[in-house]
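Asker: any chance you can model this:
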Amino acid sequence: MKNVLILAANGQIARIVEQRILNEPKFDQINLTLFLRDASRLAQYTDNPRVTLIEGDITDPQSISTAMENQDLVFVGVVDHDPQNRITNNVIQGMQAKHVQRVISTNVLGIYQEVGGEFGRWNAEMISHGMEPAVISDRLLEGSGLDYTTLRLPWLNDRNEINYQVTGKNEAYIGVSGSRQSVADVILQIIAEPTKYSRTSIGMADPSTEGETRPVY
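Answerer: Purely as a prediction, here's the structure:
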């Protein structure tokens, strides 16, 4: 049995991941610990024997450290835009303290200036002051010694489709938008095969949106 901790567990992508893990046979050996500020938001899982709900603040290091106990993999379902990078630092310190190695951390596209053209300019303008802590978050993970994957998200939509192309750290980002279901699918692939995209950063988006100058919804 594998134990997976999801931080910011009430996010839209996190909820897709949780639903698929709890309903697809290939994930039936996975237990979930769902960490969120208000556990009543996921009250439907209260009596599920495979789910543990933890209510807490992701910026509180002690709460994060406690949640790390006996976990095999951590999915951070929120981008760290905190000027002090408290989220990333708490995750790293908590994992190191509880000897947890594998982490998937969401981030934004553009942290390596890998997004060109008018869309790249607009993207940087929109993320604005949130870009610097996002860049530092990735650097902290890379230097942590943990088995990490930084997942650089495109601008998201709610299309009912799974359609994406993955790009590597040193490659130009392809596409501007992608569905939340596609992002969840990448995360689930890593959960099913933790060596996939190990110790690196990946981008992913719907390749049919390449060349657009604004997000595609």
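
Asker: part of a strand, is Asn31?
Answerer: Yes - counting by DSSP: H, G, I helix; E, B strand; the rest coil, Asn31 is found in a strand.

Asker: list phi and psi for the residue nearest to the spatial centre of the chain.
Answerer: Centroid check for the chain by CA atoms, centre = their mean gives Thr106 as the closest residue, at 3.1 Å. Main-chain torsions, Thr106, degrees, to the nearest 10: phi -80, psi 150.

Asker: over to His129?
Answerer: The phi/psi pair for His129 (degrees, to the nearest 10) is phi -70, psi -10.

Asker: Asn3: what's it in contact with?
Answerer: If you count contacts by CB atoms under 8 Å, 6 or more residues apart in numbering, Asn3 has them with 30-31, 33, 70-73. Glycine gets a C-beta too; all of them are placed from N, C-alpha and C.

Asker: assign the closest residue to Ile111 other than its chain neighbours to helix, strand or coil.
Answerer: Leaving aside its chain neighbours, Ile111 sits nearest to Val135 (4.8 Å; criterion: CB to CB, 6 or more residues apart in numbering). Following three-state DSSP, Val135 is assigned to helix.

Asker: the protein: helices as residue ranges?
Answerer: For the chain, the helices defined by DSSP state H occupy 12-23, 61-67, 86-97, 117-127, 131-142, 180-192.

Asker: got any ranges where this structure has weak pLDDT?
Answerer: By pLDDT under 70, the chain contains no weakly predicted segment.
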